[in-house]
Each structure stands twice: as structure tokens, then as C-alpha cells.
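Chemist: Let's see this in three dimensions:
(one chain, ligands or ions: 1)
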Amino acid sequence: MAKAKDELAQVIGKGNKFEERYIDKLPYLQAVMKETLRLHPPIPFLVPRRAMQETTFMGYRIPKDTQLFVNAWAIGRDAECYEDPLLFKPERFLGSSVDYKGQNYELIPFGAGRRICAGIPLAHRMLHLVLGSLLHEFDWEVDEIGRNEIKDDRERMGVTVRKLVPLKAMPRKCSTECLN
Ligand code: HEM
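Modeler: Numbering: from 1, shown residues only. Next comes the predicted model:
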């Protein structure tokens with residue numbers, strides 16, 4: 001979090017508001033977002049597909065009308081795609097061209113192909129705007145319980161996936177020094 005806040009302070013300047021035009025100038029914040037969506041894709045099995053005809057894929061025969069799920073959650077944690085796949089390491093995306101816009105199949109929180117998420121341009125802006133603003137405007141604190149909640153990576157699986165035990169973090173208005 002400290003690295004992301006430092007980058008925001010340098011690019012936006014303390015006391016200034018986060019604006020959309022800054023997103024492209026914040027590679028670390030973008031890497032944090034990719035790393036978050038890699039480990040925690042909100043729609044882990046994407047949207048189900050139906051095979052329109054019989055086909056063979058990687059040696060598996062898939063009969064016509066089979067309902068197929070793509071496990072984006074497992075792909076994001078695959079050791080063949082990522083070194084130390086279970087570690088949260090935004091740095092892995094710095095200087096990398098891997099993106100979530102459907103061209104890199106190891107990172108597909110928005111799906112890929114013809115039915116890729118139609119809202120990517122909006123989601124991309126909103127995710128960075130919200131996270132960037134929250135980090136830039138506040139300092140964040142967690143108590144002892146919160147520290148345990150961070151370590152607790154259990155999830156509640158469903159159409160969308162979320163943390164089983166929500167994290168309680170306390171925003172603190174940045175100190176005067178931080179705002180000048
Ligand atoms: C974090 C935010 C979002 C995530 C993770 C997400 C994820 C997804 C996923 C995984 C799919 C299915 C893609 C596939 O099966 O290949 C999808 C489809 C879709 N999403 Fe999103 N989405 C997000 C935000 C949005 C927003 C903001 C909008 C609209 C304003 C939107 C509109 C759509 C639409 C219309 C489809 C259906 C596309 C089609 O079937 O042709 N999404 N989204």
C-alpha cells in the first residue's frame with residue numbers, strides 16, 4: 001500500500017484529487033489492480049458457454065450442447081502461468097504487456113473472445129478511480145482483528161466470489177503534512 005500511495009503522491013501531488021487522466025501515469029496502481037483481479041476474479045467461472053457442435057479440445061471430446069465453464073480463478077493461480085502464484089506481487093506486472101483486455105489468456109477476469117465483458121472501458125476507469133481515490137485521500141489502519149482478517153484468504157464461492165470474512169479497515173484523513 002505504501003508503494004501505491006507514494007506513486008499517487010508523486011504523480012497527482014498531495015492535496016490534489018484523483019482524475020481519470022492520471023490512470024495511464026500510474027503503472028504501480030495498474031499492477032495492483034491486475035494482481036487483485038488475477039487472484040480474486042469477481043466472476044470466477046465467467047459466464048457459462050454451450051458447445052454449438054461436437055468438438056475436441058486438448059484431447060477432450062466435448063459433445064454438442066455441453067455446458068462449459070472457464071475457470072478464470074484457477075487460471076490466475078496456475079504455476080505454469082505465474083511464478084509464486086499464490087503470492088500477492090503486483091511487481092510481476094511492471095514492465096509486462098499482460099493485460100486483462102482479452103489478448104492474454106492467463107489473465108481473463110473479464111473473459112475473452114466474442115462475448116468478452118462489454119463494460120471493460122468503464123470498469124477499468126472506475127476500478128482505478130475508486131481504489132486510487134481511497135488510497136490517495138486516506139491513510140488506512142487495521143487493528144489486531146483486521147490483521148487476522150488480511151491473513152484469512154478463505155472465499156465464499158458463488159456466481160460472484162467474495163472474502164468469507166470481510167476486512168474491516170479504518171480510513172484516517174491524511175495528516176496536514178500529507179495534504180500539503
Ligand atoms: C469489475 C468489474 C467487472 C467484471 C469483473 C466483469 C466481468 C465480466 C465477465 C467475466 C463477463 C463474461 C465474459 C465471458 O464470458 O467471456 C462479463 C460480461 C459482460 N459485462 Fe462485465 N464485468 C465488470 C463490469 C462491467 C460493467 C461496468 C459493465 C457495463 C457497464 C459490464 C457489462 C457486461 C456485459 C454487457 C456483458 C455481456 C457481454 C456479452 O455477452 O456479449 N461489465 N463481464
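
Chemist: Name the nearest residue to residue 174, sequence neighbours excluded.
Modeler: Among residues not flanking residue 174 along the chain, residue 139 sits closest, at 5.8 Å (C-beta to C-beta, 6 or more residues apart in numbering). Just so you know, the C-beta spots here come from the backbone N, C-alpha and C atoms, and that holds for glycine as well.

Chemist: My read is that the one you found contacts residue 14, right?
Modeler: No - with contact defined as C-beta atoms under 8 Å, residue 139 does not reach residue 14; the gap is 11.9 Å.

Chemist: pLDDT wise, what is the residue located most distally from the centre of the chain at?
Modeler: Largest separation from the mean C-alpha position in the chain: residue 54, at 34.2 Å (C-alpha atoms, centre = their mean). At residue 54, the model reports a pLDDT of 97.

Chemist: Name the SS class of the closest residue to it other than its chain neighbours, please.
Modeler: Once flanking residues are discounted, residue 54 sits nearest to residue 64: 4.9 Å by C-beta to C-beta, 6+ apart. Classification of residue 64 by DSSP: H, G, I helix; E, B strand; the rest coil places it in coil.

Chemist: distance of residue 18 from residue 174?
Modeler: Counting by C-beta to C-beta, to the nearest Å, the gap from residue 18 to residue 174 is 13 Å.

Chemist: Now do the shared contacts for the two.
Modeler: residue 137 (C-beta atoms under 8 Å, 6 or more residues apart in numbering).

Chemist: More neighbours: which of these two?
Modeler: residue 18 (22 against 17; other C-beta atoms under 10 Å).

Chemist: buried ones in stretch 127-147?
Modeler: For stretch 127-147, a neighbour-count test (16 or more other C-beta atoms under 10 Å) marks 127-128, 131-132, 135-136, 138 as buried.

Chemist: Show me which of these is closest to the ligand.
Modeler: For the buried residues of stretch 127-147, the residue nearest the ligand by C-beta to the nearest ligand atom is residue 127; the value is 6.0 Å.

Chemist: can you tell me which residues contact the nearest residue to residue 68 once chain neighbours are set aside?
Modeler: Nearest non-adjacent residue to residue 68, counting by C-beta to C-beta, 6+ apart: residue 49, 4.6 Å away. Counting by C-beta under 8 Å, 6+ apart, residue 49 touches 67-70, 115.
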